[in-house]
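In: Build the 3D model from these lines:
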Amino acid sequence: MTSLTTGYRALVIGGSGGIGSAISIMLARDPRVASVSTLSRSTNGFDLEDEMSVRRHSDALVAPLHLIVCATGALTIDGSRPEKSIRQIDLSTMMRQFAVNAVGPALVLKHFTPLMANKDRALMVVLSARLGSISDNGLGGLISYRSSKAALNQIVKTASIELLRTHPLYVLAAIHPGTVETPLSAPFSNGHHLSPQEAARSILQVANSLTPEQSGGFFAYDGSQISW
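Out: Got it, this is the predicted structure:
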């Protein structure tokens, strides 16, 4: 991460998942990094759906942080597969999709942004999905997942405007990692897919290249901008 100060401090949320784990390992190999912390439900009890848990874990970290990657998200929750039709919409399933894919990352922004460096360049990447694009939707289906990711994109865009006032060097962006060989996307993969290592490398390369003027944007793993 050549755009960050030497001795930068990084945090990966969702660090036990396929992409999060690969990103953590890659960052740990960077000779310019001072520390890489990880949070996840399975390793240290970090619960994205519990604000007390989010706050408690943020309070335990040492500031400043220069890079946060929020590598969380769910396509299938509690065994409920994405809807193929509006007839399959289920209230509890849809609420969980929003809790995990939109509200959880919003809580991360609320409690972890105060830890970010405000005098040096700082980056926060939130993993979104191309399926969250409203204009790039020609197939339909997956209403709960699509809607929750569209909400996440709005959260990122809106938060970036507010943060620019206090953190002029802070870049906040939503990145689509591509179709990756992970338990999340494997059941729905029907074409070319990336290894977690390839996705991690691409995500970090895109994040490293972003400028403050691009904060709040929605990008693909190849660096191209995705329409809302």
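In: Mind giving me the packing neighbours of the lengthiest helix in the chain?
Out: Of all the segments of type helix in the chain, defined by DSSP state H, the longest one is helix 143-166. When contacts are defined as 3 or more C-beta pairs under 8 Å, 6 or more residues apart in numbering; DSSP states H and E, helix 143-166 packs onto helix 91-98, helix 104-112, strand 170-176, strand 218-220. Every residue, glycine included, has its C-beta placed from N, CA and C.
In: Compare the ones you listed and give me the one nearest L61.
Out: helix 104-112 (7.9 Å; C-beta to C-beta).
In: Show me the contact partners of the helix or strand following the closest one.
Out: Per DSSP states H and E, the first helix or strand lying C-terminal to helix 104-112 is strand 122-127. Identification of contacts with strand 122-127 by C-beta atoms under 8 Å, 6 or more residues apart in numbering yields 1, 3-4, 14, 19, 64-73, 105, 108-109, 112-113, 116, 152, 156, 167, 169-177, 203, 207-208, 210.
In: roughly how far out does strand 122-127 sit from the chain middle?
Out: Here strand 122-127 is found 7 Å from its chain centre; the criterion is C-alpha atoms, centre = their mean, to the nearest Å.
In: quick one: strands adjacent to that strand?
Out: strand 67-70 (parallel), strand 170-176 (parallel) (DSSP bridges).
In: Which residues does the last one contact?
Out: Just to be clear, that refers to strand 170-176. By C-beta under 8 Å, 6+ apart, strand 170-176 touches 109, 116, 118, 121-130, 132, 152-153, 156, 159-160, 163-164, 203, 206-207, 210-212, 214-221, 226.
In: same thing with the first one?
Out: With contact meaning C-beta under 8 Å, 6+ apart, strand 67-70 is reached by 1, 4, 8-14, 20, 23, 27, 105, 108, 112, 116, 122-127, 203, 207.
In: right, so of the helices and strands packed on helix 143-166, which gets closest to L48?
Out: With distances scored as C-beta to C-beta, the stretch of the helices and strands packed on helix 143-166 nearest to L48 is helix 104-112 (3.5 Å).
In: I'm done for today, thanks for sticking with me.
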